[in-house]
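Enquirer: build me a structure from this.
(4 chains)
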2 protein chains.
Amino acid sequence: MTQKEIAETLNVSIATVSLALSDSPKISDITKEKIKDFVRVVKYRPNVIAKNLATGKTWTIGIIFPSITHSFYGELVREIQLNLKDKNYIGFYLPIEIFEKNQDAIDILLNRKVDGIIATQFNIEEVIRLQDEKIPIVLYKFMGYPIDIDYVEIDEYKGGVLVAQHLIKSGYKKFGFIGYIGTKRYAGYRDIIYQNNLIMNNEWIKQLGDVIPTDSRESGYEGMKKILLLKDKPEAVFAFNDMTAIGAMRAVYEAGLKVPEDIAIVGFDDIEEAKYLNIALTTVNTSKKEIAKKLVEVILEKIENKDKAPIQKIIIEPELVVRESCGFYLKNKLKDMRM
Amino acid sequence: MTQKEIAETLNVSIATVSLALSDSPKISDITKEKIKDFVRVVKYRPNVIAKNLATGKTWTIGIIFPSITHSFYGELVREIQLNLKDKNYIGFYLPIEIFEKNQDAIDILLNRKVDGIIATQFNIEEVIRLQDEKIPIVLYKFMGYPIDIDYVEIDEYKGGVLVAQHLIKSGYKKFGFIGYIGTKRYAGYRDIIYQNNLIMNNEWIKQLGDVIPTDSRESGYEGMKKILLLKDKPEAVFAFNDMTAIGAMRAVYEAGLKVPEDIAIVGFDDIEEAKYLNIALTTVNTSKKEIAKKLVEVILEKIENKDKAPIQKIIIEPELVVRESCGFYLKNKLKDMRM
DNA sequence: TACTATTAGTAAAGCGGTTAAATAATGTAA
DNA sequence: TTACATTATTTAACCGCTTTACTAATAGTA
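Expert: Next comes the predicted model:
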């Protein structure tokens, strides 16, 4: 059933049908009623494809993010989709790992004429090519591109600072790290440790890439196993994210040791399961709700104001969530008992 | 840049451009080359929307599944998308929880003219309405619909049987369950236990819905907490899925007890993190790869053969993955030590 | 009464492709 | 040289909807 058929059976023009369905003031209430009633009984389904072609707008935002099975991104994508739906848009999510290159995913979205793209972990060439295409784009996380681009990110440096400060307050003196050392979260962590003249031996730092980089859990597990082989071990380890922390905890447990008694662990992201782990994870909460809200706000503004919208760089504050794995509560309890 | 513009600058007809780009034998190699070369330098981007409208085919399969953040579905959706991509289709995933009702998600997909739908957890009205729309559809899991419909599912009953058999072999005599008792996985578990004249008190069965049903982890946690309050506790508990098991393990740990020493736990799904838990989870592996492969096979066959394709009901065999949480290895070690 | 506004509806072009049917150009056989 | 295939290209309709410009009918005003 198409507008044409409706028009024919109702003896009106196809334009009338179209206008009536979009509640145009040009059509009288009587004919509107007639058409809408009819449409209801025959269960007319507007062809969105045709509409898209005619209007040049798809009400679709492409989302290119890594692994849906990485809880952090899964949660973030869900929040983005929720926010989009509130604004009558719909998110078209392409998990990056099913494509050989980011460009493949980008091409799919551009060919399908999405109204905008929310993405992350693009390299500079990809970003530039997208800008050339004149499609609105907002990135999660600024990767030091030498160009002006809209993005939303969390203050990772601050996150690292919070972790270090808290661990230092708990009395630890020897610190380790499992993750990428080129990141701000590491810089924040390191700076605070050094400022306090505390120790972080090179062997206590396990870079993803030295171990198994593709899977966070696996690399956390392997990284921690290597750390535990050392004679002189760190007392606390900052894991790159919660998945890494989970892998690391598993390694500690397998070695017959305990978190946090033998070694403290802190993660990053605060994924949903963090609090359900046997040893609930102390971590940095990066509000996925807020990130998603901002990403959607910025992209829609760009879509509506096209070239007029100013570049936005939004930084979201992280927050430390203290649970069990850092040993804070344990230490406090011990102190209480001693008194 | 459109085909029209290409045609104009190259002094050929727009039909020639279209045919050349689709490698039609009607066009000479010389003109094909000319057009393709030109297209390459001007970075022509075919408008998929227009193509869809003209051909009536979108090369898109709608996927309606629950929470991307439920690892099982996340992993399954990823596998589906991978399989689709191999066949030049692209999966359009709508997480069901962002819609008020399934029908909203269905409408979005139908209006966008997807070529087929892969879904799960639809009720009978929704399934019938979809069949009326004549759109190819394949379900993950048959929910006892009184109609003929294509589906892929795992042999849940068998899964429950495997769990019970293994726990019984390990010497347990008292069994609990946290989950939906209307399911086959429960039936299999229960049948084997009863056949062996073993005990499963009513209090050891915590139904999702009695506790907190929307979130698996939360319900596992709450369910196990209630079980642990009992004087007479079960020795082994079968959790509805791995997320439920994770919540349950957390409750055991909080109570100062240990898995599997004090209580054994078995999950279902074998999500990726199951083996990284501090106490690695014994669970039933439901090969997501195979489920996805079959789902895609069936839907594409339906799309190609339209009404001619026979109804397919595919059952996939589950497999027990024995890790630590069931206590099997522990018991065997103890036995060895005693000898 | 004649003229202008206002209201209701329609015709037709356009969105960017595909494709069947028609046409033009070339080659081949009688 | 003519007739007929064969090959290459084009014309034009179509997919289903939107939207501008136009027409027709009615109401309002001087």
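
Enquirer: going forward, measure contacts and count neighbours with C-alpha atoms only.
Expert: OK.

Enquirer: wait, doesn't A:Pro260 sit right on A:Gly327?
Expert: Yes - A:Pro260 is within contact range of A:Gly327, at 4.9 Å (criterion: Cα atoms under 8 Å).

Enquirer: so which bits of chain A are right by DNA strand C?
Expert: Proximity of chain A to DNA strand C, by Cα under 7 Å from any atom of the strand, involves residues A:11-16, A:25-31, A:50, A:53-56.

Enquirer: one more time with 6 Å, if that's ok
Expert: By the rule Cα under 6 Å from any atom of the strand, the part of chain A lying against DNA strand C is A:Val12, A:Ser13, A:Ala15, A:Thr16, A:Lys26, A:Ile27, A:Ser28, A:Thr31, A:Leu53, A:Ala54.

Enquirer: let's verify the first one: helix, strand, or coil?
Expert: In this case it means A:Val12. In three-state terms, and counting by DSSP: H, G, I helix; E, B strand; the rest coil, A:Val12 is coil.

Enquirer: can you give me the strands in chain A?
Expert: Here chain A has its strands, by DSSP state E, at A:60-65, A:90-95, A:116-120, A:137-140, A:151-154, A:175-179, A:205-207, A:236-239, A:264-266, A:283-285, A:313-316, A:319-321.

Enquirer: which of the residues in the lengthiest helix in chain A are buried?
Expert: If you go by DSSP state H, chain A has its longest helix at helix A:288-305. If you call a residue buried by 16 or more other Cα atoms under 10 Å in any protein chain shown, then helix A:288-305 has these buried ones: A:288-296, A:298-300, A:302-303.

Enquirer: what of stretch A:130-138?
Expert: Result for stretch A:130-138 [16+ other Cα under 10 Å]: buried residues A:Leu130, A:Ile135, A:Pro136, A:Ile137, A:Val138.

Enquirer: now A:Asn52: closest residue in space, sequence neighbours ignored.
Expert: A:Thr58 (5.1 Å; Cα to Cα, 6 or more residues apart in numbering or on different chains).

Enquirer: rewinding a little: now the longest helix of chain A against strand A:116-120, angle please.
Expert: Using axes from the mean of the first three to the mean of the last three Cα atoms, to 10 degrees, the inter-axis angle of helix A:288-305 relative to strand A:116-120 is 140 degrees.

Enquirer: mind saving the C-alpha coords of helix A:288-305 as CSV?
Expert: Extracted as CSV, the C-alpha positions of helix A:288-305 are listed here (Å, rounded to 0.1, in the frame of the first residue of the first chain):
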residue,chain,number,x,y,z
LYS,A,288,28.7,6.8,30.3
LYS,A,289,25.3,8.5,30.6
GLU,A,290,26.9,11.9,30.5
ILE,A,291,29.3,11.1,27.7
ALA,A,292,26.5,9.8,25.6
LYS,A,293,24.3,12.8,26.3
LYS,A,294,27.0,15.2,25.3
LEU,A,295,27.9,13.3,22.2
VAL,A,296,24.3,13.3,21.0
GLU,A,297,23.8,17.0,21.9
VAL,A,298,26.9,18.0,19.9
ILE,A,299,26.1,15.9,16.9
LEU,A,300,22.5,17.1,16.7
GLU,A,301,23.6,20.7,17.0
LYS,A,302,26.0,20.2,14.2
ILE,A,303,23.4,18.6,12.1
GLU,A,304,20.9,21.4,12.6
ASN,A,305,23.2,24.4,12.4
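
Enquirer: close to chain B, is it?
Expert: No - for helix A:288-305, no contact with chain B is found by Cα under 8 Å from any Cα of the partner chain; the gap never falls below 12.6 Å.

Enquirer: residues in contact with that helix?
Expert: The contact list for helix A:288-305 (Cα atoms under 8 Å, 6 or more residues apart in numbering or on different chains) reads A:75-77, A:79-80, A:83-84, A:115-118, A:136-140, A:150-154, A:308-309, A:312, A:314, A:316.

Enquirer: hmm, 7 Å instead?
Expert: Defining contact as Cα atoms under 7 Å, 6 or more residues apart in numbering or on different chains, one finds that helix A:288-305 is touched by A:75-76, A:79-80, A:83-84, A:115-116, A:136-138, A:152, A:309.

Enquirer: A:Lys57 - how many residues pack around it?
Expert: A:Lys57 is flanked by 13 other residues according to other Cα atoms under 10 Å in any protein chain shown.

Enquirer: again with A:Asn285
Expert: 19.

Enquirer: hmm, it is touching A:Val322, no?
Expert: No - with contact defined as Cα atoms under 7 Å, A:Asn285 does not count as touching A:Val322 (9.9 Å).

Enquirer: columns distance to A:Gly171 and pLDDT on top of the buried residues of helix A:288-305, output as TSV?
Expert: Formatted as TSV, these follow (distance: Cα to Cα, whole Å; pLDDT from 0 to 100):
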residue	distance to A:Gly171	pLDDT
A:Lys288	31	95
A:Lys289	33	96
A:Glu290	33	97
A:Ile291	33	97
A:Ala292	36	98
A:Lys293	38	98
A:Lys294	37	98
A:Leu295	38	98
A:Val296	42	98
A:Val298	42	97
A:Ile299	44	97
A:Leu300	47	96
A:Lys302	48	95
A:Ile303	50	95
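
Enquirer: closest to B:Asp269 among those?
Expert: Minimum distance to B:Asp269 across the buried residues of helix A:288-305 is 26.4 Å, recorded for A:Lys288 (Cα to Cα).

Enquirer: kindly provide the distance from the closest one to B:Gly144.
Expert: For A:Lys288, the distance to B:Gly144 (Cα to Cα, to the nearest Å) stands at 38 Å.

Enquirer: appreciated, that's everything.
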